[in-house]
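> coordinates only, no sequence provided:
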């Protein structure tokens, strides 16, 4: 999914002296501090489980237990869902709060337990907390790493000696010994997150005074850097905390923050607690009120099928640029946090025409924009980044020595090919979720197009699978645009497409590696059109380029461009395209 502009920051051979000094200090001190000083007074895993059950029993109208998963040693990872209707899926923002991903950072566990008690006890007694619970669905998981927490002494890693906050599959480094999501604990957080649509997230750690936002894996800031800075400042308030973009403090690969924003569209933060500080709650209680309030700012609405009225699992993008967010597949609702301003908001789902609403004004509250999308099989393409890995850490020391200039963004590989692409990086790879399984049919012609943004000589190998954990089967190799025939792979369906760079270029160069513009499903050309679509709506395809032949476009189109902005319908210009779909929109226009 492209954007109107891209960061073009060039890092020189040397970083500012303050960054170098921070790196030297971390090397000399063994990295950021953490301790298990509070673990001697922390409740046990069994006591935490009992406490969560007691909360669910004492507050059944607003709290329900969630079985998130199990650890390596089969210890339960349990969460508590807190909401006005905890047993029902509602069209409301969602916030995920976790602790104890490092087993020896025990105060992070206690902090999440404090937040649970604060929310529950405040319902119907504190007006703001009541409004939070009435309007937000919270998922609170106090202890992600029960094995490390239960060790004597507690350990940072899990029972397999894996740092779970280096085990998530976005910006993950191939220098790691273990594959991304190799551990049941990280898979549990992944799976429960994918089942929802979290807008905000907090991950508590010890010990420092940082409010840490993404990105952690790269020196380039996210496109939403101004928003991230503002959210961080509201958490910090007048405290001694410092707001940082993770890499500017110290670089890590494969953490929860980056995976959450890079694949789910969740604005997720690491909050470093000052271990043993008696006043810690006095700092974080007002910070939490300010943080949660962001769930009620921006643009929200629902995305439905214009013909059936059923909710759609859709992508929401905004201009000026930002990372995509996604609707909840059950209700079709989305909640895109934004700063005050005027935006273009676009909704798209695989197999549907993208629809843009212009001149959407955001001012201190939520603006409602609903979408009804019409079917268009030609718009079936990569929907969500599933994983992204790099051949090495982009460490602070590496950048200080040789520089790093690849500022491309993984989400630019989503949607139909549009002239925006993600440069995978020499030796890197990216896995694209097509949004739904593609049934493999023994039919003439290719089933997938892996579109190169530059059609350069950079080569790549394509693998496919029907499940995100594999097994992946090799499907194609080459350079430029790659056409994939799935019928010979002995697979009934394909949903995940992994593109692995095999180019021979420097990793740190701008535009390094294969330039992935899009992964498009071409199988609709030979299968029966879906209900609500018509054969006459399908353009003929040029046999060489596999692009629609502009000379054979239908003269008319029965699409329904239905979108509403609740507060100013008459002031909106409604257009059935978005800049990310410029090429396809021009070709399909009436």
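Arrived safely, thanks for sending. Bear in mind the structure is a predicted one, so any value in this text is a computation, not a measurement.
> any idea which element residue 120 lies in?
Assigned by DSSP states H and E, residue 120 belongs to helix 106-122.
> quick one, helices of the protein?
17-29, 45-58, 106-122, 127-135, 146-150, 184-194, 225-236, 246-249, 256-259, 280-293, 396-402, 582-588 (DSSP state H).
> looking at the ones you listed, which is nearest to residue 481?
When those are compared for distance to residue 481 using C-beta to C-beta, the nearest one is helix 582-588, at 13.9 Å. In this view, the C-beta of every residue, glycine as well, is placed from N, C-alpha and C.
> could you give the mean pLDDT of that closest one?
Averaging pLDDT along helix 582-588 gives 32.
> pull the number of nearby residues for the spatially closest residue to residue 511 that is not a sequence neighbour.
In space, residue 511 comes closest to residue 423 once its chain neighbours are excluded; the distance is 4.6 Å by C-beta to C-beta, 6 or more residues apart in numbering. By the other C-beta atoms under 10 Å criterion, the neighbourhood of residue 423 contains 27 residues.
> so what's residue 423 up against?
Taking C-beta atoms under 8 Å, 6 or more residues apart in numbering as the contact definition, residue 423 lies against 406, 408, 510, 511, 512, 513, 514, 515, 516.
> for it, name its beta-bridge partners.
The residues listed as beta-bridge partners of residue 423 by DSSP bridges are residue 515.
> can you give me the pLDDT of residue 176?
88.
> what number of residues lie near it?
Using other C-beta under 10 Å, the number of residues around residue 176 comes to 17.
> so which of the helices of the chain gets nearest residue 474?
Residue 474 sits nearest to helix 184-194 of all these, at 24.1 Å, using C-beta to C-beta.
> packing partners for the closest one?
Helix 184-194 makes packing contacts with strand 63-70, strand 76-82, strand 137-141 when contacts are defined by 3 or more C-beta pairs under 8 Å, 6 or more residues apart in numbering; DSSP states H and E.
> buried sites along that helix?
Residues of helix 184-194 classed as buried under the neighbour-count rule (16 or more other C-beta atoms under 10 Å) are 184, 185, 186, 187, 188, 189, 190, 192, 193, 194.
> next one: stretch 173-182
Neighbour counts using 16+ other C-beta under 10 Å place 173, 176, 178, 180, 181 of stretch 173-182 among the buried residues.
> chain center to it, what's the gap?
Mean-position distance between stretch 173-182 and its chain equals 19 Å (C-alpha atoms, centre = their mean, to the nearest Å).
> ok, stretch 502-515 next?
Centre-to-centre, stretch 502-515 and its host chain are 24 Å apart (C-alpha atoms, centre = their mean).
> longest single strand anywhere in the protein?
In the chain, with assignment by DSSP state E, the single longest strand is strand 429-439.
> tell me the gap between that strand and the middle of its chain.
In terms of C-alpha atoms, centre = their mean, the centre of strand 429-439 is set 15 Å apart from its chain centre.
> if we can go back for a sec, helices or strands up against the helix holding residue 120?
Counting by 3+ C-beta pairs under 8 Å, 6+ apart, the packing neighbours recorded for helix 106-122 are helix 45-58, strand 76-82, strand 94-98, helix 127-135, strand 137-141, strand 200-206, strand 267-273, helix 280-293.
> figure out which of those is closest to residue 453.
For these, the distance to residue 453 is smallest for strand 267-273, at 27.3 Å, taking C-beta to C-beta.
> need the contact list for the closest residue to residue 514 other than its chain neighbours.
On the basis of C-beta to C-beta, 6+ apart, the spatially nearest residue to residue 514 that is not a chain neighbour turns out to be residue 460, at 4.0 Å. With contact taken as C-beta under 8 Å, 6+ apart, residue 460 is in contact with 424, 450, 477-479, 482, 499-503, 514, 516.
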